[in-house]
Structure formats: structure tokens, C-alpha cells
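In: Pasting the sequence and the predicted model now:
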Amino acid sequence: MKIATFNINNVNRRLPNLLEWLEEAKPDAVCLQELKAEQSRFPRAAIEAAGYGAVWRGQKTWNGVAILARGAEPVLTRDELPGDPDDGQSRYIEAAVNGVLIASIYLPNGNPQPGPKFDYKLAWFERLIAHAGELFAADLPVVLAGDYNVVPTERDIYPTKSWDDDALLQPESRAAFARLLSQGWTDALRRLHPETDDLYTFWDYKRGRWGRNAGLRLDHLLLSRSTADRLTGGGVDRDVRGREGASDHAPAWISLD
């Protein structure tokens, strides 16, 4: 089973890119983030024509998450992160696909920091940690995939000081990610590629960062205990980032036995 995560950065604008990649890569399940489309504007017909069922939660202008399944309909289990009934942002969706519980996560960016947006990021992270703890304790096959908007370590960013004040690199952000992992989750890409220094998934559009491989690792696939035991491969489809009209993220993926 091949599971991927892809911050598509506007699903309608980049629909040709998405469909081309789906045809080439043939993932069995895909977590999408940053749909930037309200619920009724999700391109369901085109995605179904490509052979994928879908569940999604859209939001006008920003945010939005989805889960696609090849040749199947994902079984929706929740479309919001528990813990704050007043939070209307579309950042979490969860569904069962082929016996695996999969979450598509779009964690808040948090900039500018310090400030209310950074406070929201950390509060959202606490809610994720609480919910993830319950999922891990249930000992189910679970994959928490998405754009976490966290650079876990200095190895996960190109050599630079230009991002030092960014919310993605703050000690509080990294500490929250580390506490999530400490529940027992496996960072699949890092387990598979422990010595790779440019294991990037995001290259900003500005300052020619794609051309000089000035990337960051923001997109992660975290595996529960039973799922990690089935991990056989994974990587980043970097070439997708270099195509015309591309998202500033590339798809990251894993294979499970």
C-alpha cells in the first residue's frame, strides 16, 4: 500500500499537476492540504474520473484538507480535530482506507511570531498531541500525514540563518513535534533516509530557492507501531516541484507491506 501526502497549494489551480502525478505515481491513498477551495468547489468529478474516491473539508480562500483512495471510497471518521468546538479552520480530516486509519493534517503556519497566530499554532499542536495519543494507545494501524509546518531539526533545512525567526523553526514548534514523536510514532522518511541531509519537501517560490535546492522538510508521515513494522520504502517526488505551475511542495510517500 502506497500512501502519500501533498500540499497542493490550490487544488483547482493545480489540478492538472495533481492528475498528472496521480497517473504516474499511482498512490493508493493521498492526503492533500491547502485545497484553497470551499466545499462545493472541490473537483470531485475530475478526481473520480482519475480513479479515486475522496472525502474532503474545504474552506474558502485558505486551508482545506482531503483524503483520496484509489479504486475505493475513504470511510470518513472525523473532519475536525477535537478539543476546540469554536475552531472553524479546515485543517484536519481522518478516514479509513484499506484497513489503515489515515489523517490529513495541515498544521497552522504560526507567522508572525510571537503573536496570536503563533499561539494558535501551539494550541492546535497540543490538541493534535492529545488526539494522537488516543489513536496510538488504541494500537491501530494509523498514519498521520500532512504539512506540519515544522522543520524538526537543523538537518531538515538548507544551511541558512534567514529562517531563524520563522515560526517553523522555533524551539516551541520543534519541542511540540518531538513530544508527538515521543508517544511512539515513527517519522517514516527519516527512518528510511537517516543520513540524507537534503530530504526536503518544500521550496519557497522566492529567491530562486528551488533552483539552488534551498529546501525545508515540512511534510511528514508518522506511523503507529503496527504500521511502522510494515514500512518498506518511501521518498519525495522532487521532480513534481520543478514542473510548470507546480505547488511549492512536492509529494512525500511511503510504501507499506
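Out: Nice, thanks for sending it over.
In: Now the residue nearest to the spatial centre of the chain: closest residue in space that isn't a chain neighbour?
Out: Centrality entry for the chain: nearest residue to the mean C-alpha point is G146, 1.2 Å, by CA atoms, centre = their mean. Using CB to CB, 6 or more residues apart in numbering and skipping residues adjacent in sequence, the residue nearest G146 is I105, 3.2 Å away. C-betas here are computed from N, CA, C, even on glycine.
In: so the one you found makes contact with Y148?
Out: Yes: judged on CB atoms under 8 Å, I105 makes contact with Y148 at a distance of 6.5 Å.
In: Test my guess that E34 contacts N149.
Out: No: the pair E34 and N149 does not pass the contact test of CB under 8 Å, sitting 10.7 Å apart.
In: Spell out which residues are contacts of both of these two.
Out: Common contact partners of E34 and N149 (CB atoms under 8 Å, 6 or more residues apart in numbering): Y106.
In: Can you show me the strands along the protein?
Out: For the chain, strands defined by DSSP state E occupy the ranges 2-7, 29-33, 52-57, 65-70, 75-78, 92-97, 100-106, 142-147, 186-187, 219-223, 231-236, 252-256.
In: packing partners for the longest helix belonging to the chain?
Out: Ranked by residue count under DSSP state H, the longest helix found in the chain is helix 116-137. Helix 116-137 makes packing contacts with strand 142-147, helix 171-181 when contacts are defined by 3 or more CB pairs under 8 Å, 6 or more residues apart in numbering; DSSP states H and E.
In: can you dump the C-alpha coordinates of the shortest one into CSV?
Out: Okay, so that is strand 142-147. In CSV, the C-alpha atoms belonging to strand 142-147 read as follows (Å, rounded to 0.1, in the frame of the first residue of the first chain):
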residue,chain,number,x,y,z
VAL,A,142,-2.5,4.7,11.8
VAL,A,143,-0.7,7.1,9.5
LEU,A,144,-0.7,10.8,10.5
ALA,A,145,0.3,12.6,7.3
GLY,A,146,0.5,16.1,6.2
ASP,A,147,2.1,19.5,6.3
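In: any low-confidence regions in the stretch 101-250 of the chain?
Out: Judged against pLDDT under 70, the stretch 101-250 of the chain has no low-scoring part.
In: In the protein, which residue sits furthest out from the middle?
Out: If you look at how far each residue of the chain sits from its centre, by CA atoms, centre = their mean, the farthest one is K161, at 24.8 Å.
In: pretty sure A145 contacts N7?
Out: No: if you go by CB under 8 Å, A145 and N7 don't touch, sitting 10.8 Å apart.
In: Overlap of the contact sets of those two?
Out: Counting by CB under 8 Å, 6+ apart, the residues touching both A145 and N7 are D219.
In: higher neighbour count, these two?
Out: More crowded of A145 and N7, by other CB atoms under 10 Å: A145, with 28 against 24.
In: Chain neighbours aside, what residue packs nearest to that one?
Out: A145's closest residue in space is T5 (CB to CB, 6+ apart), at 4.0 Å.
In: what does V142 give?
Out: Computed as CB to CB, 6+ apart, the closest residue to V142 that is not its neighbour in sequence is S224, at 4.0 Å.
In: How about T153?
Out: Using CB to CB, 6+ apart and skipping residues adjacent in sequence, the residue nearest T153 is R174, 7.4 Å away.
In: Distance of the one you found relative to P152?
Out: With distances taken as CB to CB, to the nearest Å, R174 is found 6 Å from P152.
In: Next: P108.
Out: Going from P108 to P152 by CB to CB gives 16 Å.
In: try H249
Out: Computed as CB to CB, the H249 to P152 distance reads 16 Å.
In: Kindly report the same for R230.
Out: 23 Å.
In: Which of these two has more residues huddled nearby?
Out: Per other CB under 10 Å, whichever of R230 and P152 has more neighbours is P152, with 20 against 14.
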